[in-house]
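**Student:** Build me a model from this:
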Amino acid sequence: MSLNLRAPKILGIIAFVLLLIGFLLSIVLYTQIDKWDIVRDAMIDTYNSDPNVQEGIGLTNEPVTAEEFADEIIVYTKNFLLLPVISSLIACAAILFGIIWMNRFPRTSGVLFIIVGVVSLLSVVIPVLLITAGIMILSRLSKYNKETGIPA
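**Tutor:** The predicted structure follows:
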């Protein structure tokens, strides 16, 4: 009797494709955010019209123009967007490893799926797919080990 891992593999592939789409979108956003004039213009309008921003900048006693403010905010945003790029790249690599080596190392694949699912809890669909696939792998592995007499 063999270990039937077809459903977890399909769930893992769907989660991998969704994560890959998210990775590509975050790369595009990271590389293109400083080229979008609408973002820069919105920051300049915020600087010019919001008294709270001008009061906060006035407390630092540094004369800052609206253009410098917008450039600084875009740099901070770009640095912040590096986190989803790196985390989605690591998650894609872990899921791809789990999919490829699922038949040889089912316990490792199940644990990887559960870990990546828990780490990516900010999204909705991907954790559900990965945690379900990981639990399916681990439960089928323990059932398979009991039937064949292999100690877990």
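**Student:** Can you tell me the element Gly110 falls in?
**Tutor:** Secondary structure assignment for Gly110, by DSSP states H and E: helix 106-119.
**Student:** could you pull out the helices for the chain?
**Tutor:** For the chain, applying DSSP state H gives helices covering 6-32, 37-49, 51-58, 66-100, 106-119, 125-148.
**Student:** center of the protein - which residue?
**Tutor:** Ser88 (3.9 Å; C-alpha atoms, centre = their mean).
**Student:** which residue packs closest to that residue, ignoring adjacent ones?
**Tutor:** Phe23 (4.0 Å; C-beta to C-beta, 6 or more residues apart in numbering). To be clear about C-beta, it is placed using only N, CA and C from the backbone, and glycine gets the same treatment.
**Student:** roughly how far is the helix or strand bottoming out on mean pLDDT in the chain from the heart of the chain?
**Tutor:** The least trusted helix or strand in the chain, going by mean pLDDT, DSSP states H and E, turns out to be helix 51-58, with a mean of 73. Put simply, helix 51-58 sits 34 Å off its chain's centre (C-alpha atoms, centre = their mean, to the nearest Å).
**Student:** Need the contact partners of that helix.
**Tutor:** The contact list for helix 51-58, computed with C-beta atoms under 8 Å, 6 or more residues apart in numbering, reads 46-47, 64, 69.
**Student:** Can you tell me how far Ser87 is from Val111?
**Tutor:** Here the criterion is C-beta to C-beta, to the nearest Å. By it, Ser87 lies 18 Å from Val111.
**Student:** Comparing these two, which shows the higher neighbour count?
**Tutor:** Between Ser87 and Val111, counting by other C-beta atoms under 10 Å, Ser87 is the more crowded of the two (18 against 15).
**Student:** Could you tell me how many residues sit around the closest residue to the more buried one other than its chain neighbours?
**Tutor:** In this structure, Ser87 finds its nearest non-sequential neighbour in Val119, 7.4 Å apart by C-beta to C-beta, 6+ apart. Val119 has 15 neighbours, counted by other C-beta under 10 Å.
**Student:** same deal with Ile21?
**Tutor:** Residues near Ile21, counting by other C-beta under 10 Å, number 11.
**Student:** Mind telling me which of the helices of the chain the model trusts least?
**Tutor:** Out of the helices of the chain, helix 51-58 stands lowest, with a mean of 73 (criterion: mean pLDDT).
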